[in-house]
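>>> Fold the stuff below for me.
(chains A and B)
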2 protein chains.
Amino acid sequence: MGRVTTTTPSPRSRSRLTPDQRRLQLLELGIRLLTNRSLEELSIDTLAEEAGISRGLLYHYFGGKQGYLEAVVQYAADDLYRRTAPPAEGEPLERLLGSITGYVDYVIENQDAYRSLLKSAAGSNEALRAIYETTFTALADRFFTVDTGTLDLPDTPAVRLVIHAWQAMVEDLVLTWCDNPAGLTRDDLVKVITSALPAIIDTLP
Amino acid sequence: MGRVTTTTPSPRSRSRLTPDQRRLQLLELGIRLLTNRSLEELSIDTLAEEAGISRGLLYHYFGGKQGYLEAVVQYAADDLYRRTAPPAEGEPLERLLGSITGYVDYVIENQDAYRSLLKSAAGSNEALRAIYETTFTALADRFFTVDTGTLDLPDTPAVRLVIHAWQAMVEDLVLTWCDNPAGLTRDDLVKVITSALPAIIDTLP
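Below you'll find the predicted structure:
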């Protein structure tokens, strides 16, 4: 709650931003607003009030509530994707460790917003669900691309199935850990997540 | 869709059922109705129409829509709990295998209804979420009770954390497998799930 500031920008400070910068600023505000409300409770009206700018301008940027929600979810997904980029150098397991550390830190910093986003992705809004699934797949794809591949995994349907399930596990693990760390440090958690993937893949016939 | 039959019971067949039997029959119908609609789309009105009995009688049984939804979710949870009871005899891993087989078969048979239930549990209805969480915990508790314990796991917060995450993984794994088996048989799937738990627990510091 304390993180949301509602300063009305002066016409001059507003005029310094390009449309892209302004749009980005509005999306960042959207994420901050998710800290104490669900995605469904987010609206052009709320945003207009918090940002101190007109509803008309917001409709111009996002087209309406659905457009705004999609833009916020896509912004969070892109942010998560960037934050989990594995380091360019290092041993496969070290690079996976770096990527997982990025994920864990992202969730720690954005817990409430992340929970809101997951809740929406599990709901009935198909477009939001699609952004979530696309991100899930893009994260999994990293294991199979030459540039960012962190482990030498065969790209088979069975391995893909296990990675998808491991991702669901990681989501649950990190959020449950945020509520109650169960004696595990953040580094312990990263190690469990990282070692679990090859361990689960080893169980495949 | 084809599984939902809408025969209107005759007054005579209706009078043969005790109130408990009738209630059970209505809950089973509720689960069948979830095959082609979400839990939120389920209502006393839908049920009255499908069961061919009066809304008044249904209010008598369930008190209203929320009471009915809670009863349907609780019924599904109890059913799942029964179906996953481990066999009384056998080696720990064999007994876990038996319990997991029960889970996988339950999901295969009730896929659509199960998806509807999970979607609701992830939503904003706190009472439904609570039934889901209680069941999740009851299933985890089995690992630590003398009578039905299937593996000799220490009951520590860290092990509980990992079991919770493994449960989330299993949920995702089985539903994704139902959509696309990825070359795994149902028995392969059961083995992956069963072996994954000790493998993940081994990654704990």
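
>>> Count the residues that sit near residue A:112.
For residue A:112, the tally of surrounding residues (other Cβ atoms under 10 Å in any protein chain shown) stands at 16. Just so you know, the C-beta spots here come from the backbone N, C-alpha and C atoms, and that holds for glycine as well.

>>> What does the pLDDT read for it?
With respect to pLDDT, residue A:112 scores 91.

>>> Sticking with it, tell me its helix or strand.
Using DSSP states H and E, residue A:112 falls within helix A:111-121.

>>> ditto for residue A:178
Short version, using DSSP H and E: residue A:178 is in helix A:157-179.

>>> From the contact counts, what lies against the helix or strand following that helix?
Next along the chain after helix A:157-179, taking DSSP H and E as the criterion, comes helix A:186-201. Applying 3 or more Cβ pairs under 8 Å, 6 or more residues apart in numbering or on different chains; DSSP states H and E, we find helix A:186-201 packed against helix A:92-109, helix A:157-179, helix B:186-201.

>>> Same list (those) but as a markdown table, adding mean neighbour count, distance to residue A:187 and mean pLDDT.
As requested, those are exported to a markdown table (neighbours: other Cβ atoms under 10 Å in any protein chain shown; distance: least, Cβ to Cβ, whole Å; pLDDT from 0 to 100):
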| stretch | mean neighbour count | distance to residue A:187 | mean pLDDT |
| --- | --- | --- | --- |
| helix A:92-109 | 18 | 8 | 91 |
| helix A:157-179 | 21 | 12 | 97 |
| helix B:186-201 | 20 | 17 | 95 |
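
>>> hang on, the earlier thing: now the helix holding residue A:112 and helix A:157-179, what's the angle there?
On the basis of axes from the mean of the first three to the mean of the last three Cα atoms, to 10 degrees, helix A:111-121 is oriented at 140 degrees to helix A:157-179.

>>> in stretch A:46-65, what's buried?
By neighbour count on 16 or more other Cβ atoms under 10 Å in any protein chain shown, the buried set for stretch A:46-65 is A:46, A:47, A:48, A:50, A:51, A:53, A:58, A:61, A:62, A:65.

>>> Next one: the second one, what pLDDT does it get?
The one in question is residue A:47. Looking at residue A:47, its pLDDT reads 87.

>>> Isn't it up against residue A:30?
Yes. Counting by Cβ atoms under 8 Å, residue A:47 touches residue A:30, with 6.4 Å between them.

>>> which neighbours do those two share?
By the contact definition Cβ atoms under 8 Å, 6 or more residues apart in numbering or on different chains, residue A:47 and residue A:30 are jointly contacted by residue A:68.

>>> Flag every residue of chain A that's near chain B.
For chain A, the contact set with chain B under Cβ under 8 Å from any Cβ of the partner chain comprises A:38, A:118-119, A:122-124, A:156-158, A:160-162, A:164-173, A:176-177, A:180, A:182-184, A:188, A:191-192, A:195-196, A:199-200, A:202-205.

>>> Let's see that with 7 Å instead.
Residues of chain A lying close to chain B (Cβ under 7 Å from any Cβ of the partner chain) are A:38, A:119, A:122-124, A:157-158, A:160-161, A:164-166, A:168-169, A:172-173, A:176-177, A:180, A:182-184, A:188, A:191-192, A:195-196, A:199-200, A:202-205.

>>> sorry, back to before: which residues does the helix holding residue A:178 contact?
The contact list for helix A:157-179, computed with Cβ atoms under 7 Å, 6 or more residues apart in numbering or on different chains, reads A:104, A:107-108, A:111, A:115, A:118, A:136, A:139-140, A:143, A:153, A:184, A:189, A:193, A:196-197, A:200-201, A:204, B:161, B:164-166, B:168-169, B:172-173, B:176-177, B:180, B:182-184.

>>> got it, and stretch A:23-40?
Defining contact as Cβ under 7 Å, 6+ apart, one finds that stretch A:23-40 is touched by A:1, A:3-4, A:17, A:42, A:46-47, A:50-51, A:61, A:69, A:71-72, A:75-76, A:112-113, A:116-117, A:119-120, B:124.

>>> so how far is the host helix or strand of residue A:78 from its chain's centroid?
Assigned by DSSP H and E, residue A:78 belongs to helix A:65-83. Averaging C-alpha coordinates over helix A:65-83 and over its chain gives two centres that are 8 Å apart (Cα atoms, centre = their mean, to the nearest Å).

>>> Return it as PDB; C-alpha atoms alone will do.
Written as PDB, here are the backbone C-alpha positions of helix A:65-83 (Å, rounded to 0.1, in the frame of the first residue of the first chain):
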ATOM      1  CA  LYS A  65     -10.300  -2.100 -19.700                       C
ATOM      2  CA  GLN A  66      -9.500  -5.400 -21.500                       C
ATOM      3  CA  GLY A  67      -6.800  -3.700 -23.500                       C
ATOM      4  CA  TYR A  68      -5.300  -2.200 -20.300                       C
ATOM      5  CA  LEU A  69      -5.400  -5.600 -18.400                       C
ATOM      6  CA  GLU A  70      -3.700  -7.300 -21.300                       C
ATOM      7  CA  ALA A  71      -1.000  -4.600 -21.500                       C
ATOM      8  CA  VAL A  72      -0.400  -4.900 -17.700                       C
ATOM      9  CA  VAL A  73      -0.100  -8.700 -17.800                       C
ATOM     10  CA  GLN A  74       2.100  -8.600 -20.900                       C
ATOM     11  CA  TYR A  75       4.300  -6.000 -19.200                       C
ATOM     12  CA  ALA A  76       4.700  -8.300 -16.100                       C
ATOM     13  CA  ALA A  77       5.400 -11.300 -18.400                       C
ATOM     14  CA  ASP A  78       8.100  -9.400 -20.300                       C
ATOM     15  CA  ASP A  79       9.600  -8.200 -17.100                       C
ATOM     16  CA  LEU A  80       9.700 -11.700 -15.600                       C
ATOM     17  CA  TYR A  81      11.200 -13.000 -18.900                       C
ATOM     18  CA  ARG A  82      14.000 -10.400 -18.800                       C
ATOM     19  CA  ARG A  83      14.700 -11.000 -15.100                       C
END
